[in-house]
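Engineer: Quick one, fold the following:
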Amino acid sequence: MHLSDIWRYPVKSMAGERLEHATVGPLGLHGDRIVQVYDARGRLVTARTHADLLGLRATVGPDGEPLVDGLPWTAPEVQAWVERIVGPGARLVRNEHEARFDVLPLLVATDGAIAAFGRDARRLRPNLIVGGVDGLDERGWEGRVLRIDSVHIALADLRGRCVMTTVDPDTLARDPRVLKDIVRRFDGRLALNAGVIQGGALRAGAAVELG
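Structural biologist: Numbering: from 1, shown residues only. Okay, here's the model as predicted:
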């Protein structure tokens, strides 16, 4: 097995970036979901209720600060885009507390399960995709450990999927049949919630061992 993909989402619920190298620590990939969207009442907003956020792409610039469609996340233009999607008074807030994650800091998917899913892997918003996995073998990985070079990742449980899977990552078209299919064929769960036992450097193509 090998690490085929590394994905980071610097702004929660926006499209992310595919990386060749990354650093992972106790709170997941460095720079992942470090900025979030809040509405005028101070409530966290995600693409579950405002799917058009997925039409904005977040990356990390050379200075380590998040960018949104190439602009600094603090730029007035970015503020205007967020307000247009979420409503007046919506704003971006930088918060690196562990509570920014829905479950655990990492989501690990496999190429076998993605092939069985039969749709764009970006709908699942994985951080890591393990290649060379047969079919739905990931469903027997709960409680096990992935070793990628010096990095050790604890696989907790299968992730229950939500309406974000119904949004096409390119067109933003919604198709509720996608989630219904996940429920029907995969008991509503695909990919694995994961934490970090031992952090370090990750690189795409690295060998992966399952312990």
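
Engineer: Which of the three states applies to the residue lying farthest from the centre of the chain?
Structural biologist: What lies farthest from the middle of the chain is residue 88; by CA atoms, centre = their mean that is 26.6 Å. At residue 88, secondary structure determined by DSSP: H, G, I helix; E, B strand; the rest coil is coil.

Engineer: which non-adjacent residue is nearest it?
Structural biologist: Nearest non-adjacent residue to residue 88, counting by CB to CB, 6 or more residues apart in numbering: residue 40, 6.3 Å away. No exception for glycine: its C-beta is placed from N, CA and C like everyone else's.

Engineer: isn't the one you found right next to residue 89, touching?
Structural biologist: Yes: the pair residue 40 / residue 89 is scored as a contact, 2.7 Å apart, by CB atoms under 8 Å.

Engineer: Nearest the geometric middle of this protein, what residue?
Structural biologist: Centre-most residue of the chain, counting by CA atoms, centre = their mean: residue 125, 3.7 Å.

Engineer: Quick check: mean pLDDT of stretch 144-152?
Structural biologist: In this model, stretch 144-152 has an average pLDDT of 97.

Engineer: ditto for stretch 99-119
Structural biologist: The model assigns stretch 99-119 a mean pLDDT of 96.

Engineer: residues of that stretch that come out buried?
Structural biologist: Using 16 or more other CB atoms under 10 Å as the test for burial, stretch 99-119 gives 100-101, 104-114, 117.

Engineer: okay if I get those residues as CSV plus distance to residue 33 and secondary structure?
Structural biologist: Shown next, in CSV, are these (distance: CB to CB, whole Å; DSSP: H, G, I helix; E, B strand; the rest coil):
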residue, distance to residue 33, secondary structure
100, 5, helix
101, 7, coil
104, 12, coil
105, 9, coil
106, 11, strand
107, 11, strand
108, 16, strand
109, 17, strand
110, 22, strand
111, 24, helix
112, 26, helix
113, 22, helix
114, 21, helix
117, 23, helix
